[in-house]
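J.: Turn this into a model:
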Amino acid sequence: MPTDLRLFGIRHHGPGSTASLLKALDEYQPDIVLLECPADGEKALALVADPALQPPVALLLYNPKQHTQATFLPFARFSPEWQAALWCQQHGAHLRCFDLPMTLRFALPDSVEHVPAAQAPEGATPEAADEPAHTADAENTPAGTPALSEQEPAVEVPLTLDPIAHLARLDGYTDGERWWEARIEHSAGHADAFEVVLQMMTALREELAQPESKETLLREAYMRETLRNTLKQGYQRVAVVCGAWHAPVLGAGQLPAYAKDDKARLKGLKKVTTEATWVPWTYERLARQSGYGAGILSPAWYELLFEQPHAQVVTHWMVRAAHLLRAAQIDASSAHAIEGVRLADALAAVRGLALPGIEELEEAAVSIFGGGYAEALGLVHQQLVIGEKLGEVPDELPASPLQQDLAQQQKALRMKPEAVQKTLALDLRKDLDLSRSHLLHRLQLLGIRWGKPQRVQGKSGTFHEVWSVQWRPELVLQVLEAGRWGNSVLAAASGAAAHRAQEAADLGQISQLLEEALHADLAPALPALVARLETLSAGTRDVAHLLAALPPLVNVLRYGNVRRTEAGQVGQVVHHLVPRLCISLPRTCTGLDDDAARQLLERIEAAHHAVRLLPDEAQQADWYGALLAVARQAASSGLLAGATARLLFDAQQLDADDTARLLGLALAPAQPTAYATAWIEGFLRGSGLLLIHNRTLFDLLDAWLSDLDETVFQEVVPLLRRAFTDFSQPERQQVLALAAGGPAARTATAAVDIDVERGRRVLPVLRELLGVS
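T.: The predicted structure follows:
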């Protein structure tokens, strides 16, 4: 009895293709199904019937010796490939993956034209490790064919780039994506649809006759060779489920014609080792907007389209939209939902559609629920068009030791990975929150950005942390990559920190790394980091690097007790670092141009705030002495001399008379105007309150400006304006008022008129309240 071979060309993640495929498989009852999926993923597909494996999920195929060689193959419940594999499990049919295995594709030479993951579904190139991928071509078009988005204006696309758009234009559509959805995906499922699709794709390939990429030719050759071997095994009914574009070259009539070329093309291909596992995926990453080449515009809508009868699907969507808006305290009644359904149906009728698509649904929702404004319906788009679903995988799946340790910690700390972005507020005085903080910081050190630290507002930054956490599927690959540093999160983070320490080229890098390590409670890594810090500090003469190193180290000393970490070794480093800074700082502040002085000033200010946090008063005194030397020496940069004088005044290390003396020296006639202007800018940096409340300083500055020649004054004004840019508006107004009133007005302002007799009247009440006789 001759073998009956049937081809089912599908669109990946298409609910209409899935419905038609299930009907065709039920009618045909094949003995074996050949699925367009890399052959080395076949064993993993045997798990699709496991109830613990809940789509959306992705089949991860990777090279265990080089994790940058990896590809994700996403599946949703409405994906034809998923349902085909599930059908085989339920009906006892054999399932065979017959696409070119990743063990061969990862070993392909650079001369082979790999398709970028952002365009093509395969994503098999090493550069595409961070991009999602799938097993067949984007939207039933040739590999690398971009389909038009709903949000983008329709443009004339060459046939060689988007042949589906050509069919769409013949049918009166400007968008190939929209046409395919309306004609194929919105159907309730017809088993005979595949013959029509095959005819269309055959005609397109014959008309275009475009050259395929070398990788596509290899894939199709491998598919045909696998198909020949399958037919030799005596199966009576063979079904091939593949991307519609490939179907015309996989028919029984094509197999003999390509046999010789296929064998030659596949001969001598190199191999690498690959492993396969399942990872949770999200609808957001399944969407085309994420850059996934075979992605779809509306995963959540497609899920509803697959699960609900077409007669009810529009009503279901509109009712869900109303529920979402009501939960968000937005007016959305049953009457709104009914009118929304009517409007969507009317739009579909006007556009000649059998069923409203997501475009009609969103337009109707904006009109009825949003009053014509789409801004209020962002929630509906996110949850009912894109979707926030995160898949699940069985706990017993093969995983690396680091993956297992991370999963155990997530479970113990009650930190379930979720696709929805959430804010996590941590009180570091609590054991649970402190452990959560350690985990997130350790993952940060490993480059696994599950959480992003946020600025703390309204709470003490010493005891609180705020994180924005969101699990993204590609983080699984980063966990695999981080496994080279250790088998547990603690060991891996310690190993990565020690490696970064050895590569650190300056004190700023190593001190910042040490602060991160203390936050992550990496006790095993601290000795190596401190030793590296001492080595770099001993050989460093650049004061800028020493200044950059100090603030992170002081933060470690200050907050070490809060995080219950041992910071004694860091204290020794700071003890040696501060004296070296104090000795070298005055000399470093001489002979600098304006740009260099500004860069150094930022580090001096940061180091100044750090020194003031130190408990050692002797070190603080040494630092103040260094700042005073900078402020007094004539060779110092004017900007730095003025800024250090201000720092000393704010720290109450200079009184008003000493400060006025320094200002008078800076504004003396013998000083260059540029120096005086820079001194003022540094001194007034950040606030003008000092001038407002200290009349002596104001008068000195006023007198200096008044004595300037008109030509010099015009040159100085733009420079002075820069010094006043940081003043608040009320400060500027008060300074202007003082300048406009003259010395007499300022004296009058300073004198406060107090009514003594009126004040005495409240004394008896105050004595009674305070209990004073």
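
J.: ok, now which ones touch the nearest residue to His441 once chain neighbours are set aside?
T.: When the adjacent residues along the chain are set aside, His441 lies closest to Ala520, with 3.7 Å between them (C-beta to C-beta, 6 or more residues apart in numbering). Yep, even glycine has a C-beta here, placed from its N, CA and C like the rest. Under the criterion of C-beta atoms under 8 Å, 6 or more residues apart in numbering, the contact partners of Ala520 comprise 438, 441-442, 444-445, 493, 497.

J.: try 6 Å this time
T.: For Ala520, the set of contacting residues under the criterion of C-beta atoms under 6 Å, 6 or more residues apart in numbering consists of 438, 441-442, 445, 493.

J.: could I get these as a markdown table with secondary structure and neighbour count?
T.: A markdown table is the format used below for the contacts of Ala520 (DSSP: H, G, I helix; E, B strand; the rest coil; neighbours: other C-beta atoms under 10 Å):
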| residue | secondary structure | neighbour count |
| --- | --- | --- |
| His438 | helix | 23 |
| His441 | helix | 23 |
| Arg442 | helix | 28 |
| Leu445 | helix | 24 |
| Ala493 | helix | 29 |
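
J.: Can you give me the buried ones in the host helix or strand of Leu581?
T.: Using DSSP states H and E, Leu581 sits within helix 568-588. By neighbour count, and taking 16 or more other C-beta atoms under 10 Å as the criterion, the buried residues in helix 568-588 are 569-571, 573-574, 577-578, 581-582, 584-586, 588.

J.: For the residue nearest to His441, give me the pLDDT.
T.: With respect to pLDDT, Ala520 has a value of 88.

J.: Against Glu396, how distant is it?
T.: Between Ala520 and Glu396 the distance is 30 Å, computed by C-beta to C-beta, to the nearest Å.

J.: lowest-pLDDT helix or strand in the protein?
T.: Sorting the helices and strands of the chain by mean pLDDT, DSSP states H and E puts helix 729-750 at the bottom, at a mean of 61.

J.: and Gln310, how many neighbours?
T.: No, residue 310 isn't Gln; it's His. If you count neighbours by other C-beta atoms under 10 Å, His310 ends up with 15.

J.: do the one 10 residues further on as well
T.: With neighbours defined by other C-beta under 10 Å, the count for Arg320 comes to 16.

J.: How about it: what's its closest non-neighbour residue?
T.: Distances taken as C-beta to C-beta, 6+ apart place Leu384 nearest to Arg320, at 5.8 Å, with adjacent residues excluded.

J.: again, but for Leu546
T.: Of all residues apart from its sequence neighbours, Leu581 sits closest to Leu546 (C-beta to C-beta, 6+ apart), at 5.3 Å.

J.: State the distance from that neighbour to Ser637.
T.: According to C-beta to C-beta, Leu581 and Ser637 sit 17 Å apart.

J.: Same question for Pro718.
T.: 19 Å.

J.: More neighbours: which of the two?
T.: With neighbours defined as other C-beta under 10 Å, Pro718 and Ser637 compare such that Ser637 has more, 26 against 9.

J.: ok, that one touching Asp594?
T.: No. Taking C-beta atoms under 6 Å as the contact criterion, Ser637 and Asp594 are not neighbours in contact, 8.1 Å apart.

J.: Spatially central residue in the protein, please.
T.: Centroid-nearest residue in the chain, with C-alpha atoms, centre = their mean: Arg449, separated by 7.6 Å.

J.: Can you give the contact residues for stretch 101-109?
T.: The contact list for stretch 101-109, computed with C-beta under 6 Å, 6+ apart, reads 38-40, 61, 63, 69, 124, 269-272, 274.

J.: could you flag which of these are buried?
T.: With neighbours counted using 16+ other C-beta under 10 Å, the contacts of stretch 101-109 contain these buried positions: 38-40, 61, 63, 69, 124, 269, 272, 274.

J.: just how off-centre is the longest strand along the chain within its chain?
T.: Scanning the chain for the longest strand, with DSSP state E as the assignment, gives strand 66-75. A distance of 19 Å separates the centroid of the chain from that of strand 66-75, by C-alpha atoms, centre = their mean, to the nearest Å.

J.: ok, Leu95 touching Leu34?
T.: No. Between Leu95 and Leu34 there is no contact, the gap being 8.4 Å when judged by C-beta under 6 Å.

J.: Between the two, tell me which one has more neighbours.
T.: The neighbour count for Leu95 versus Leu34, taken as other C-beta under 10 Å, is higher for Leu34 (27 against 20).

J.: Could you give the bridge partners of Trp278?
T.: Beta-bridge pairing for Trp278 (DSSP bridges): Leu59.

J.: give the contact list for it.
T.: Applying C-beta under 6 Å, 6+ apart, we find Trp278 in contact with 57, 393, 397.

J.: Without its sequence neighbours, what residue ends up closest to the first one?
T.: What it means is Val57. The shortest distance from Val57 to any non-neighbouring residue, by C-beta to C-beta, 6+ apart, is to Gly391 (4.1 Å).

J.: For Ala634, see how far away the one you found is.
T.: Counting by C-beta to C-beta, the gap between Gly391 and Ala634 amounts to 70 Å.

J.: any chance you could map the strands in the stretch 351-500 of the chain?
T.: For the stretch 351-500 of the chain, strands defined by DSSP state E, counting those that start in this stretch occupy the ranges 422-427, 451-454, 464-469.

J.: go on, the chain?
T.: 4-10, 32-38, 57-63, 66-75, 94-99, 237-243, 275-280, 422-427, 451-454, 464-469.

J.: Which of the ones you listed has the lowest mean pLDDT?
T.: The weakest mean pLDDT among these belongs to strand 66-75, with a mean of 85.

J.: got the buried residues for it?
T.: Result for strand 66-75 [16+ other C-beta under 10 Å]: buried residues 67, 69-75.

J.: Over to stretch 253-268?
T.: With burial defined by 16+ other C-beta under 10 Å, the residues of stretch 253-268 counted as buried are 255, 258, 262, 265.

J.: what sits against the closest residue to the third one other than its chain neighbours?
T.: Residue nearest to Asp262 in three dimensions, not counting chain neighbours: Ala221, with 4.0 Å by C-beta to C-beta, 6+ apart. Applying C-beta under 6 Å, 6+ apart, one finds that Ala221 lies in contact with 262, 265-266.

J.: ditto for Trp679
T.: Residues counted as contacts of Trp679 (C-beta under 6 Å, 6+ apart) are 638, 641-642, 666.
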